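Have a look; sequence and predicted model below, questions after that.
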Amino acid sequence: MKIAISGKGGVGKTTIMALLAGEFRKQGREVLVIDADPSPHMAETLGFKDAEKARPIADMTKLLAERAGKTEGSPFYNLNPDVNDLLGDFMIEHDGLRLMVLGAIQVAEGGCACPENHVLKKMLKKMLLAPNEVVLLDMEAGVEHLGRGTVAGVDQLLIVVIPSRSSIRTALKIKKMADDVHIPNISFIANLVREEEDRDFLIEALGEVPIAFFPDSTEIRKAERKETAITEIEGDLEGAPQQILHKIFQDKQ
């Protein structure tokens, strides 16, 4: 199962993805989280103490160029670079969760044959096709990733939105672009909801009901300030992570 999360900057997508990772793990699933945000914070959010060991593969330009098989002066790349050994080399593990940090991908999907993008897409495809595994992709903020190959082929796109006009505008633009590239299941997730008025505002502005409403959680803020794992939070979430998983499994049937 392949799930990506997106939204305007600052809406809490990394936090929500970390909570989903913990919920999937509680259900006995094998979970791989891919932090594809140019400013990665997933390791800290999940409680990884050795986050510096997660080498961003986008920075390994020389190695990636060698794997892509491009020789100096040649415009062509190897279409099937051998990346199997890299899948393990660039992962770290903590408390049953695996993490891979892609780092910043600065090139667009169309018209670019750079070795970094070529091999990253190959690695991502291999990981996404692994059996009995949930792959969670924490995407960069905004809409740019929808023009790249990173989200191609995902089963679900979760769009996080908060009760603000700017967040809603970005969320609706993401949904439109996701529809255009034929992502099969697209859902809104509401975050930082304080009162019934916030719920009504989001439902009216989005034109549909989000699949889950995360409260403006004091526990999440405390965990972030203390640098404790978000996955350790048990209360104060009003069942929102479980509601998302229910919808995901419902769509899968």
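Ah, there it is.

burial of residue 21, as a residue count?
As a burial measure, residue 21 scores 28 neighbours (other Cβ atoms under 10 Å). In this view, the C-beta of every residue, glycine as well, is placed from N, C-alpha and C.

How about residue 48?
Neighbours of residue 48 (other Cβ under 10 Å): 20.

Phi first, then psi, for it.
For residue 48, the backbone dihedrals (degrees, to the nearest 10) come out as phi -70, psi 130.

ditto for residue 51
Taking degrees, to the nearest 10 as the convention, residue 51 sits at phi -60, psi -30.

wait, what's in contact with it?
By Cβ atoms under 8 Å, 6 or more residues apart in numbering, the residues touching residue 51 are 43, 44, 92.

Try it again at 6 Å.
The neighbours of residue 51, taking Cβ atoms under 6 Å, 6 or more residues apart in numbering as the test, are residue 43.

For residue 7, give me the pLDDT.
Listed pLDDT for residue 7 reads 91.

Chain neighbours aside, what residue packs nearest to it?
Leaving aside its chain neighbours, residue 7 sits nearest to residue 160 (3.6 Å; criterion: Cβ to Cβ, 6 or more residues apart in numbering).

next structured bit after the strand or helix carrying that neighbour?
Element membership for residue 160, per DSSP states H and E: strand 156-161. Counting by DSSP H and E, the next helix or strand C-terminal to strand 156-161 is helix 165-180.

re earlier: my read: the residue nearest to residue 7 touches residue 13, true?
Yes - applying Cβ atoms under 6 Å, one finds residue 160 in contact with residue 13, separated by 4.5 Å.

Looking at the two, which one has more neighbours?
residue 160 (29 against 25).

Show the contacting residues for the more buried one.
Residue 160 neighbours (Cβ under 6 Å, 6+ apart): 7, 11, 12, 13, 16, 189, 191.

picking that back up, any idea how far the residue nearest to residue 7 lies from residue 85?
35 Å (Cβ to Cβ, to the nearest Å).

follow-up on the earlier one: and the strand holding residue 160, which strands flank it?
For strand 156-161, the pairing partners within the sheet under DSSP bridges are strand 2-7 (parallel), strand 185-193 (parallel).

that older thread, is it possible to get TSV of the contacts of residue 160 that adds distance to residue 56?
Output for the contacts of residue 160, formatted as TSV (distance: Cβ to Cβ, whole Å):
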residue	distance to residue 56
7	22
11	23
12	23
13	19
16	22
189	27
191	27
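
Pick the one among those closest to residue 39.
Nearest to residue 39 among the contacts of residue 160: residue 13, at 12.3 Å, using Cβ to Cβ.

Fine, thanks again, bye for now.
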